[in-house]
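A.B. asks: using only what follows, build the 3D model:
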Amino acid sequence: MKSLKNFFLIIIILSISANNLKAEEKVAYLDIDFILTNTLAGKSLLNTLKKQEEVKISKFKTNDEKFKNNEKKILAKKNLVSNEEIKKEMKALQIEFQK
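C.D. replies: Numbers count the residues shown, from 1 in each chain. So this is what the prediction gives:
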């Protein structure tokens, strides 16, 4: 019986002291999207990123057109050149495309 009283006494003391142990620091959240869209530095950063993206997309499109044209040229030679030649050229085109 005495150990039961001691157990409850310890639980009551721990529950009272637990309230004092809670952190009193406040948590603040930072909205990065708001900062990027509404500050001068954020706007300039977004503009430079958009320009870089447009340049990369245009390079990708030109490379894509180049590879499609090369593939069409190789396929046009299909009746004129042997199958081995076509396979070699297609393999070289695939290796170049992977680079």
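A.B. asks: list phi and psi for residue 79.
C.D. replies: When quoted as degrees, to the nearest 10, the phi and psi of residue 79 stand at phi -80, psi -20.
A.B. asks: what's the separation between it and residue 73?
C.D. replies: The gap separating residue 79 from residue 73 is 13 Å, by Cβ to Cβ, to the nearest Å. From N, CA and C alone the C-beta is placed, and that goes for glycine too.
A.B. asks: before we move on, what about residue 32?
C.D. replies: With the distance defined as Cβ to Cβ, residue 32 ends up 48 Å from residue 73.
A.B. asks: all strands for this structure, in order.
C.D. replies: Remark: strands of the chain are absent; assignment by DSSP state E.
A.B. asks: in it, what helix or strand scores lowest on average pLDDT?
C.D. replies: The least trusted helix or strand in the chain, going by mean pLDDT, DSSP states H and E, turns out to be helix 2-21, with a mean of 69.
A.B. asks: returning to that earlier point: neighbour-wise, which of residue 79 and residue 73 wins?
C.D. replies: Shown here are residue 79 and residue 73; by other Cβ atoms under 10 Å, residue 73 has more neighbours (11 against 7).
A.B. asks: okay, that one: pLDDT?
C.D. replies: Among the per-residue scores, residue 73 holds a pLDDT of 82.
A.B. asks: repeat for the one 4 residues further on
C.D. replies: If you check residue 77, the pLDDT there is 76.
A.B. asks: quick one: residues contacting the nearest residue to it once chain neighbours are set aside.
C.D. replies: Closest residue to residue 77 apart from its sequence neighbours, by Cβ to Cβ, 6 or more residues apart in numbering: residue 86 at 6.8 Å. Residues near residue 86 by Cβ atoms under 8 Å, 6 or more residues apart in numbering: 74-75, 77-78.
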